[in-house]
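K.L.:
Next input, structure requested:
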Amino acid sequence: MSNNIEVNYHTTGESTVTNKLGMRQMQERVYAKRNSKYLLVKAPPASGKSRALIFVALDKLANQGIKKVIVAVPERSIGSSFKNTELVKYGFYEDWIIDPYYDLTSAGTSDSKVQRLIKFMEDEEAKVAICTHSTLRNAYQKIDSDRKFDNTLIAIDEFHHVSAEDNSVLGGALKNIMHNSNAHILAMTGSYFRGDSAPILTEEDEREFDKVNYSYYEQLDGYKYLKSFGIDYKFYQGRYIDAIEEAMDLDKKMIIHIPNVNSAESTKDKYDEVDHIFDAIGEIEKKDEKTGIYFVRRKTDGKLLKVADLVNEDGREKIQATLRKIKDVDDLDIIIALGMAKEGFDWPWAEYALTIGYRGSLTEIVQIIGRVTRDSENKTHSQFVNLIAQPDADNEDVTYAVNTIIKAITASLLMEQVLSPEIKLKSKGSKIDTTDKNNDDIVFIKGLKEPPTQKAKDIIENDLPDLKAAILQDRQVQQAIATQEDTEYVNKVLIPKVIMQQELELDDEELESVRQHLVADMVVSQSQNKTSKGENGDNNKFLSMANRLVDVEKLDINMIDKINPFQRAYEIMSTNINSSTLRILQREIDSKKYDFSEDELRIIYPQILKFISENDGKLPDKGSDDEMERKYAYALIKLKTMKEEKERLENA
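P.N.:
Just a heads-up that it's a prediction; the model follows:
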């Protein structure tokens with residue numbers, strides 16, 4: 001098997017061993033900083049962040065004067081991670097018990113949940129509420145004073161959904177609560193980037209946070225079974241359904257994500273695509289009506305494989321219920337999904353993720369990778385394979401794109417923030433007003449309804465990112481897209497509904513103007529890399545993704561090793577990534593975090609030597625709470641990098 005990325009680890013099992021309080025390695029590290037007012041936890045999927053939050057929240061309620069805890073998750077399904085949890089029998093002093101009345105990730109309307117969260121804030125007996133980011137955001141807009149959050153712990157799961165941008169309501173709420181109340185904040189994320197130009201926190205606010213960093217490398221290094229992890233990009237020509245058989249590994253526990261029906265890779269018939277995948281696996285022998293699982297006779301050797309189809313709506317709830325009850329490695333072999341089995345999904349035996357089609361979100365890629373990087377006795381290696389239509393570009397450009405994206409993914413393994421600028425551009429065939437010569441990143445679309453009021457104009461100029469996020473998180477919209485609902489119904493009914501749920505108080509004319517601009521903005525974002533030519537709508541979205549990763553482009557590291565044939569196209573392989581490579585990349589990233597001039601480095605170097613002398617030979621720590629020590633650490637990294645570069649040039 002070939003890999004673009006392969007990371008090898010020495011396995012110690014330390015990350016899965018619990019201490020006398022029932023805490024794993026990462027949880028123990030977080031608990032050690034439980035007294036921090038602001039705490040930022042960067043740790044990969046499946047590392048135990050949810051329980052780490054629970055331990056800290058219980059301590060703050062019992063010992064730190066905190067009266068209430070609000071846990072905010074990006075979507076309702078993730079709320080189950082914070083269900084009632086037994087802790088006492090494993091050594092902790094208290095169990096985690098949730099009042100179902102304040103579990104706001106259960107059924108109910110958005111308005112009712114907002115009102116109930118406001119009621120929770122006023123209920124002196126209530127201790128813990130679980131809600132979505134959307135509920136917290138909307139409730140905040142109705143609360144008249146930030147001081148209402150005094151003596152409250154606000155815990156935000158999947159923190160990469162937050163933005164420091166001025167037009168992010170949740171980001172603004174967080175900033176105001178930090179500055180105008182004594183609330184405590186606990187933020188957790190498995191991927192510290194958003195995929196746009198907006199940082200998660202401003203540098204000023206991030207400095208207020210104590211930090212716990214726990215990378216993929218640390219987690220996997222401590223695993224008992226999983227020894228290596230690989231990534232492979234395969235490019236195909238024609239239809240993906242004709243290439244998928246060669247891309248699958250039927251000896252592995254596999255999750256297959258088919259492309260979105262609106263993507264260029266899709267055949268536009270998701271049910272037919274699933275049928276082709278079944279044919280590539282073998283012959284369907286039967287379907288268990290009780291569980292919804294298909295039994296498929298593998299064509300190569302006749303072995304019976306158990307396959308779950310999450311694409312077809314018929315019987316999906318039954319299959320989801322079955323997946324929640326899986327207890328054994330032999331209970332399932334393959335999952336076929338469209339939009340499910342990504343963030344928050346748990347099938348620990350999964351070892352091979354085959355994702356078809358371009359994914360514009362690095363967060364989504366990392367989340368999918370996280371599905372196959374849990375420690376389990378059935379695997380020593382796990383694999384992420386992205387099967388992508390061959391871009392209409394020179395091999396050199398594609399290789400550059402692969403190199404850039406691999407660097408971004410690898411940086412995410414180190415829990416670094418990877419940014420890419422917001423794109424307001426560009427589709428071949430779009431009607432662009434070229435009179436503006438000063439800004440190449442703007443698309444002008446004729447026919448849009450001008451905002452009739454200043455309020456509508458302000459919303460269009462400032463609030464579109466939050467509105468887009470709300471639309472993409474709306475269950476009805478997700479379902480409509482998944483089932484290929486009429487796009488007019490989505491645009492004319494569902495999108496206005498979501499806009500009105502944001503309590504913007506618009507009249508019909510204002511609403512229509514905002515709707516048009518919002519839809520146009522979403523269409524432009526999708527169409528910036530629209531099909532230029534090709535038998536299957538071949539596109540260059542993959543290249544565009546690389547072009548947006550401006551920060552990682554500055555990392556002077558080549559990850560590409562060689563190119564191999566695949567079908568009628570090729571796959572690109574990188575050099576292997578091991579602990580040494582990760583350290584080199586980390587240092588390369590660190591060397592660019594401070595912009596030191598040579599004069600400043602000459603001045604600061606004697607201070608670094610003095611610091612080392614006064615601290616018994618201890619080198620400055622970039623994770624220190626002391627800003628000057630952090631600056632010393634980054635200056636030392638920069639000096640080492642400059643020295644190595646000089647030696648390299650001298651020896652060239």
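
K.L.:
now the stretch 501-650 of the chain, which segments are flagged as low pLDDT?
P.N.:
503-504, 522-564, 567, 570-584, 625 (pLDDT under 70).

K.L.:
what about the strands in it?
P.N.:
For the stretch 501-650 of the chain, applying DSSP state E, counting those that start in this stretch gives strands covering 560-566, 569-574.

K.L.:
what does the stretch 251-400 of the chain give?
P.N.:
Using DSSP E, counting those that start in this stretch, strands in the stretch 251-400 of the chain cover 254-257, 282-287, 294-298, 304-309, 334-337, 352-356, 381-389.

K.L.:
Show me what the fourth one is packed up against.
P.N.:
Right, strand 304-309. Packing contacts for strand 304-309, counted by 3 or more CB pairs under 8 Å, 6 or more residues apart in numbering; DSSP states H and E, involve helix 270-281, strand 294-298, helix 316-324, strand 334-337. Any C-beta I mention is one placed from the backbone N, CA and C, and that applies to glycine too.

K.L.:
the inter-axis angle of the third one versus strand 294-298?
P.N.:
Translated: helix 316-324. 70 degrees (axes from the mean of the first three to the mean of the last three CA atoms, to 10 degrees).

K.L.:
Tell me which other helices or strands helix 316-324 touches.
P.N.:
strand 304-309.

K.L.:
and the strand it packs on, which strands flank it?
P.N.:
strand 294-298 (antiparallel), strand 334-337 (parallel) (DSSP bridges).

K.L.:
What does residue 346 show for phi and psi?
P.N.:
phi -130, psi 110 (degrees, to the nearest 10).

K.L.:
Which of the helices and strands packed on strand 304-309 has the highest mean neighbour count?
P.N.:
Highest mean neighbour count of those: strand 334-337, a mean of 23 (counted as mean count of other CB atoms under 10 Å).

K.L.:
From the chain's centroid, how far away is that strand?
P.N.:
The gap between where strand 334-337 is centred and where its chain is centred comes out at 20 Å by CA atoms, centre = their mean, to the nearest Å.

K.L.:
One more: stretch 386-403?
P.N.:
Average the C-alpha atoms of stretch 386-403, do the same for its chain, and the two points are 23 Å apart (CA atoms, centre = their mean).

K.L.:
export that stretch as CSV, just CAs?
P.N.:
These are the backbone C-alpha positions of stretch 386-403, laid out as CSV (Å, rounded to 0.1, in the frame of the first residue of the first chain):
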residue,chain,number,x,y,z
ASN,A,386,-8.8,10.8,-0.9
LEU,A,387,-9.9,9.8,-4.4
ILE,A,388,-10.1,13.0,-6.5
ALA,A,389,-10.8,13.8,-10.1
GLN,A,390,-7.6,14.6,-11.9
PRO,A,391,-7.2,18.4,-12.1
ASP,A,392,-7.0,20.1,-15.5
ALA,A,393,-3.5,21.3,-14.8
ASP,A,394,0.2,20.5,-15.3
ASN,A,395,1.6,17.8,-13.1
GLU,A,396,3.9,20.4,-11.6
ASP,A,397,0.9,22.5,-10.4
VAL,A,398,-0.8,19.4,-8.9
THR,A,399,2.3,18.3,-7.2
TYR,A,400,2.6,21.8,-5.7
ALA,A,401,-1.0,21.6,-4.5
VAL,A,402,-0.5,18.2,-2.9
ASN,A,403,2.7,19.4,-1.2
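
K.L.:
Give the buried residues for it.
P.N.:
Residues of stretch 386-403 classed as buried: 386-391, 393, 397-403 (neighbour count, 16 or more other CB atoms under 10 Å).

K.L.:
What confidence value was assigned to residue 388?
P.N.:
We note a pLDDT of 85 for residue 388 in this prediction.

K.L.:
got a list of what it touches?
P.N.:
By CB atoms under 8 Å, 6 or more residues apart in numbering, the contact set of residue 388 is 233-236, 265, 357-358, 542.

K.L.:
returning to that earlier point: in CSV: the helices and strands packed on strand 304-309, plus mean pLDDT and distance to residue 71.
P.N.:
Listed next are those as CSV, based on pLDDT from 0 to 100; distance: least, CB to CB, whole Å:
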stretch, mean pLDDT, distance to residue 71
helix 270-281, 94, 34
strand 294-298, 95, 37
helix 316-324, 82, 21
strand 334-337, 94, 27
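
K.L.:
Lovely, talk soon.
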